[in-house]
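Peer 1: got a structure for you, letters missing:
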């Protein structure tokens, strides 16, 4: 049931095996031709729009690193003023650097105002475009150029932000979902749902990055699948403040199965691996409890 038409054209300059490029491709399969995009500076902007070329076959606006949501808000208001808002899908796109960190203020404000757009964060765990620097989405102990693994300090020393729950905490009117490029239909369904929502939607899609994660380009989808099986990327949605899992593994694997696939974690000790496992277990248990009790966020 996935449309064959390609609105994110081939020939762009993304790395071989780029998970984020897969996220762009399938987001547009969900949205269709009648779509406008506000896109923050980042990997997907750089590889898809080298002047005078573009990979986008829909109207597309390049926003600064910090203000894609603000530009999206302007588009939303302009379309309403023209009486055209009901007929146009509006996507706002940013990487985890422009979402978790630099652009969070604009995103938070747009959600508080109940702007009508679907925000997609292609989450690849660092500022990949500018040289693999750590971000608020970088996992603990990951080695990056600004959190290098040394003899004393083993990579980034802070846990990743829980952005979906942070977004959901704004108000019950926002639709929130997590996705993974290894499960395309689940991702497409959530983008469609976010676009159909009258108000803000936030979708965070997990996108392995071969050079940043130090994996083979051929491993992208498999690494994403193991992340799902090891509780690294729980798949759920939050509607009207209530959390519900949309997909769960038939069985889980230890997080070491995920970590050992990537060069950025090769320095980790057994004690550190156990610490990460405990953290993921607690986080998954917290999410399951929210689902079971139907507590409104």
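Peer 2: Good, I have the coordinates. Bear in mind that the values here come from a model prediction, so they are computed numbers and not experimental data.

Peer 1: Could you use CA atoms for every contact and neighbour count after this?
Peer 2: OK.

Peer 1: So which residues of the stretch 101-250 of the chain form helices?
Peer 2: 104-112, 163-168, 184-196, 210-213, 220-229 (DSSP state H, counting those that start in this stretch).

Peer 1: between those helices, which one is nearest to residue 263?
Peer 2: Closest to residue 263 of those, according to CA to CA: helix 210-213, at 6.3 Å.

Peer 1: what's near enough to touch residue 129?
Peer 2: Residues counted as contacts of residue 129 (CA atoms under 8 Å, 6 or more residues apart in numbering) are 42-43, 46.

Peer 1: want to try TSV for the helices of the stretch 101-250 of the chain, with mean neighbour count and distance to residue 94 as columns?
Peer 2: TSV is the format used below for these (neighbours: other CA atoms under 10 Å; distance: least, CA to CA, whole Å):
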stretch	mean neighbour count	distance to residue 94
helix 104-112	19	10
helix 163-168	19	13
helix 184-196	20	15
helix 210-213	21	17
helix 220-229	21	19
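
Peer 1: now those as CSV including mean pLDDT and distance to residue 294?
Peer 2: Shown next, in CSV, are the helices of the stretch 101-250 of the chain (pLDDT from 0 to 100; distance: least, CA to CA, whole Å):
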stretch, mean pLDDT, distance to residue 294
helix 104-112, 98, 22
helix 163-168, 98, 14
helix 184-196, 98, 20
helix 210-213, 98, 36
helix 220-229, 98, 23
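
Peer 1: okay, those helices in a markdown table with distance to residue 66 next?
Peer 2: Listed next are these as a markdown table, based on distance: least, CA to CA, whole Å:
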| stretch | distance to residue 66 |
| --- | --- |
| helix 104-112 | 7 |
| helix 163-168 | 16 |
| helix 184-196 | 22 |
| helix 210-213 | 22 |
| helix 220-229 | 27 |
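
Peer 1: Of those helices, give the one that comes closest to residue 287.
Peer 2: Minimum separation from residue 287 across the helices of the stretch 101-250 of the chain (CA to CA) falls at helix 163-168, 9.7 Å.

Peer 1: Identify all contacting residues around the closest one.
Peer 2: Contacts of helix 163-168 with the rest of the structure, by CA under 8 Å, 6+ apart, involve 100, 108, 174-178, 202, 204, 238, 241, 297.

Peer 1: Identify the farthest-apart pair in these.
Peer 2: 100 and 241 (20.5 Å).

Peer 1: Give me the pLDDT value at residue 296.
Peer 2: In this model, residue 296 is scored at 78, pLDDT.

Peer 1: Ok, residue 87 next?
Peer 2: 89.

Peer 1: Check the burial of it by counting its neighbours.
Peer 2: Applying other CA atoms under 10 Å, we find 10 other residues in the vicinity of residue 87.

Peer 1: Look up how far residue 190 lies from residue 183.
Peer 2: Note on residue 183: its distance to residue 190, by CA to CA, to the nearest Å, is 11 Å.

Peer 1: what does residue 248 give?
Peer 2: 16 Å.

Peer 1: again, but for residue 152
Peer 2: Residue 152 is 42 Å from residue 190, by CA to CA.

Peer 1: cool, and residue 92?
Peer 2: 15 Å.

Peer 1: residues near the residue nearest to residue 23 when sequence neighbours are not counted, how many?
Peer 2: Among residues not flanking residue 23 along the chain, residue 181 sits closest, at 6.2 Å (CA to CA, 6 or more residues apart in numbering). Close neighbours of residue 181, defined as other CA under 10 Å, add up to 24.

Peer 1: got a list of what residue 43 touches?
Peer 2: Neighbour list for residue 43: 14, 95, 128-129 [criterion: CA under 8 Å, 6+ apart].

Peer 1: Using CSV, lay out those together with pLDDT and distance to residue 264.
Peer 2: Below are these laid out as CSV (pLDDT from 0 to 100; distance: CA to CA, whole Å):
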residue, pLDDT, distance to residue 264
14, 97, 20
95, 97, 19
128, 97, 13
129, 93, 17
